[in-house]
Structures are given as structure tokens and as C-alpha cells.
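S.K.: Below is the sequence, then the predicted model.
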Amino acid sequence: MRMMRTLALASASMVWHGLALAAGGTVSLPGTAVIGSDSRDVTMVFACDDTQARGQTGSLSIGFGVPAFETLAKRFDFDAFEGPDGPHKPLSAIKATTAQPLRLAASGSIAADGTTFDFAVAAAMRAEAAQLTSVHILASEVVKGGGLLRWHQGSPRQGDASILVTVLIGEADAARLKTALAPCLGGK
């Protein structure tokens, strides 16, 4: 299970770092992250890799990167999310459009640029049924469009501020998302 989550996160990280996935697609949307009194622009990445070859599994992921994360390290414990051994507690509450917030366990990694920290909720298309169901619900909501995606990322360290990310999903964005995520959502 931990290996599948590592593979799904690695797949999502490849998207953020500019490498193409073998199948499916990605959509990046601008958003805003607020941490205490600090606000910064972020990019929310939605990705589908529907590879289903022998010994491989695709993944469905949603994530965002926090630029210049090291300047926030005293207010948020980024290190705790690094890699597959990060907290497996549902510290992420993500709400898309009109759906109820879903609580998930995000993983994280430092991006190749060394200054951005990427968070993702990701699930392999096989072997991670519970996580896949939750990510699938979120992705199914965002393709409807006409609303906001709100991601509340808690820190495992007591007294830390939370990261609050907001992304507006317009009708044109929803159409792009629907096309890119269709292979992972059962569409054509």
C-alpha cells in the first residue's frame, strides 16, 4: 500500500516538474494560498495517468505547490509531509464546489527547483480503493465547474498555522478538467 502511494505521488510530482505522463492529462489552475498573514500565488495541478499495463498502475491526483516554502517553515511543518513516511493522518480538508469537505492524508515533496514544496492527494488506479474513491469524488466535482475548490491543509505540529488554498473553477476550466481527467473518471 505504501509503495502504491509512493508511485502515485511520484507520478503527480512528474507532472509538476514538467515531465509528461504516458496517458491521461493534466490541468493547472491558478490559486491563492494563505498562511496566517502571508498570501501567495499557487498553482493547483489535476492529473490523470490511466496507464494499466502489466506491473504498472495509473494514478489520479490533485495537488499544489507552495513557493518559497522555507520562509514559512517556522509557521508550518513542511518536513513532516516529505515522502511516503509523512503523516498518514487526514490533515487535509478539501471541498470542491458544493460537495462536503473530504478529509484526506496528503503527501509532499520538495520540488526540483528546491524552493517549492508540493502537496498532493493521490491514489493509484488499483490497490488503493478508499483513497481513490475520495480523490475520484473531488475530481468528479471539479469537472462540474462553476465554483471554488478549497483546500485546508493542517500541520501535524501543534500551534502551526494552516495553509488555506482557494482555486476558482470556471466553466472553461471545468471543460479542460473533464477532458484531461476523463480516462481516470470512467469517461471517454
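M.R.: Yes, it's here.
S.K.: C-alpha from now on. contacts and neighbour counts both.
M.R.: Will do.
S.K.: now residue 171: how far from residue 101?
M.R.: To residue 101, residue 171 is 21 Å away according to Cα to Cα, to the nearest Å.
S.K.: likewise residue 35?
M.R.: According to Cα to Cα, residue 35 and residue 101 sit 19 Å apart.
S.K.: cool, and residue 49?
M.R.: Distance, residue 49 to residue 101, by Cα to Cα: 24 Å.
S.K.: ok, now residue 145?
M.R.: From residue 145 to residue 101 the distance is 16 Å (Cα to Cα).
S.K.: Which of the two has more residues huddled nearby?
M.R.: Per other Cα atoms under 10 Å, whichever of residue 145 and residue 101 has more neighbours is residue 145, with 21 against 17.
S.K.: shaky segments in this protein?
M.R.: Applying pLDDT under 70 to the chain picks out residues 1-24, 52-57, 84-87, 98-99, 125-131, 187-188.
S.K.: Which parts of it are strands?
M.R.: 25-35, 38-49, 59-67, 92-96, 102-104, 107-110, 116-124, 147-153, 163-169 (DSSP state E).
S.K.: how about the longest one: buried residues?
M.R.: Along strand 38-49, these residues count as buried under the neighbour rule (16 or more other Cα atoms under 10 Å): 42, 43, 44, 45, 46, 47, 48, 49.
S.K.: Correct me if wrong: the last one contacts residue 184.
M.R.: It stands for residue 49. Yes - with contacts counted by Cα atoms under 8 Å, residue 49 reaches residue 184, the gap being 7.2 Å.
S.K.: Nearest the middle, which residue of this protein would you pick?
M.R.: Nearest residue to the geometric centre of the chain (Cα atoms, centre = their mean): residue 63, 2.1 Å.
S.K.: How about that one, nearest residue that isn't a chain neighbour?
M.R.: residue 120 (4.0 Å; Cα to Cα, 6 or more residues apart in numbering).
S.K.: Burial check on that neighbour, number of neighbours?
M.R.: For residue 120, using other Cα under 10 Å, the count is 26.
S.K.: Then residue 77?
M.R.: With other Cα under 10 Å as criterion, residue 77 counts 19.
S.K.: Next up, the contacts around it.
M.R.: Shown here is residue 77, whose contacts under the criterion Cα atoms under 8 Å, 6 or more residues apart in numbering are 155, 156, 157, 160.
S.K.: Go again with 7 Å.
M.R.: Counting by Cα atoms under 7 Å, 6 or more residues apart in numbering, residue 77 touches 155, 156, 157.
S.K.: what does residue 95 give?
M.R.: 101, 102, 149, 150, 151.
S.K.: Pull the most distant pair out of those residues.
M.R.: Largest separation among the contacts of residue 95 by Cα to Cα: 102 and 149, giving 11.5 Å.
S.K.: ok, those two, which is more surrounded?
M.R.: residue 149 (23 against 16).
S.K.: Near the nearest residue to residue 143 once chain neighbours are set aside, how many other residues are there?
M.R.: Nearest residue to residue 143, sequence neighbours excluded (Cα to Cα, 6+ apart): residue 174, at 4.5 Å. Using other Cα under 10 Å, residue 174 is surrounded by 19 other residues.
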